[in-house]
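[1] this one's sequence-less:
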């Protein structure tokens, strides 16, 4: 089976999960596809499905995201993103992969052991906004950090998911601009995007409604455990 077909099938499954729960699509995709592609290639490629998830999820959901509140989150995250984009080009692939696994496992553990029991003050929110921006630029994944921040701020799963999608969409646009300015998107990655993009767009358009069928408790439990298990799994796929 051609690799691009495997990638497309995996992305259909993992990003359906992301549009339902608000995160973990890239974590799951990288865990599976790092057996076939190097991690940095997958992280760069992930801007396409992540932008599709954010755009489609917000278009097809009730409008409960405040542009002002989101703008504040993104402003602080932008500071972290600038540092992350610089650091992205300083790591070897092995170091990059290991740091990614460590970050995901750390925040997954925190969410599992403190399910819905913590609240963030304003300083804590801003610190996590900055760290989330850095993680998005550096790893292509800020879900564990951003979701920790949002779960400590909002109670409704719809608000948590929609703010997560809006935040990730904003940060992925910044990340895409950084890649374009640094000529990071190779011909191979463009081909991957062109082949998988139309199928992903159609699938995500119809799978968005699955979020409405998930209750609050299972939403939080599933998000927490998927972050933790995804991080642990990455330790077993560190490239040579």
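    Looks like it came in fine. Computed from a predicted model, the values in this text were never measured in an experiment.

[2] only C-alpha atoms for contact and neighbour calcs from this point on.
    OK.

[3] I'd like to know how far residue 173 sits from residue 155.
    Computed as C-alpha to C-alpha, to the nearest Å, the residue 173 to residue 155 distance reads 27 Å.

[4] what does residue 201 give?
    Applying C-alpha to C-alpha to residue 201 and residue 155 gives a distance of 29 Å.

[5] and if you look at residue 236?
    From residue 236 over to residue 155 (counting by C-alpha to C-alpha), the distance is 34 Å.

[6] burial count for residue 201?
    17 (other C-alpha atoms under 10 Å).

[7] which secondary structure element contains the nearest residue to it once chain neighbours are set aside?
    In space, and not counting its chain neighbours, residue 201 is closest to residue 52: 6.4 Å by C-alpha to C-alpha, 6 or more residues apart in numbering. Following DSSP states H and E, one finds residue 52 within helix 47-59.

[8] Can you give the contact residues for that helix?
    11, 15, 18-19, 26, 140, 162, 165-166, 168-169, 172-173, 175-176, 193, 197, 200-201, 204-205, 208 (C-alpha atoms under 8 Å, 6 or more residues apart in numbering).

[9] Give the buried residues for that helix.
    47-58 (16 or more other C-alpha atoms under 10 Å).

[10] What ranges does the protein have for its helices?
    For the chain, the helices defined by DSSP state H occupy 3-21, 25-33, 39-45, 47-59, 67-88, 93-113, 122-139, 143-151, 157-181, 187-207, 216-234.

[11] Just put those helices in TSV and tack on mean pLDDT.
    What follows is the helices of the chain, written out as TSV (pLDDT from 0 to 100):
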stretch	mean pLDDT
helix 3-21	87
helix 25-33	81
helix 39-45	83
helix 47-59	88
helix 67-88	82
helix 93-113	74
helix 122-139	80
helix 143-151	78
helix 157-181	82
helix 187-207	88
helix 216-234	75
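
[12] which residue sits closest to residue 73, ignoring its sequence neighbours?
    In space, residue 73 is closest to residue 129, 5.9 Å off (C-alpha to C-alpha, 6+ apart).

[13] Roughly how far does the one you found sit from residue 210?
    For residue 129 relative to residue 210 (C-alpha to C-alpha), the value is 28 Å.

[14] go on, residue 19?
    In terms of C-alpha to C-alpha, residue 19 sits 8 Å off from residue 210.

[15] So which of the two has more stuff around it?
    residue 19 (28 against 13).

[16] Please list all residues in contact with the more buried one.
    So residue 19 contacts 53-54, 57, 165, 204, 207-208, 211 (C-alpha under 8 Å, 6+ apart).

[17] If we use 6 Å, what do you get?
    The contact partners of residue 19, taken as C-alpha atoms under 6 Å, 6 or more residues apart in numbering, are 53, 208.

[18] Quick one: neighbours of the residue nearest to residue 22 when sequence neighbours are not counted, just the number.
    Excluding its sequence neighbours, the residue lying closest to residue 22 (C-alpha to C-alpha, 6+ apart) is residue 161, at 4.6 Å. By other C-alpha under 10 Å, 26 other residues sit near residue 161.
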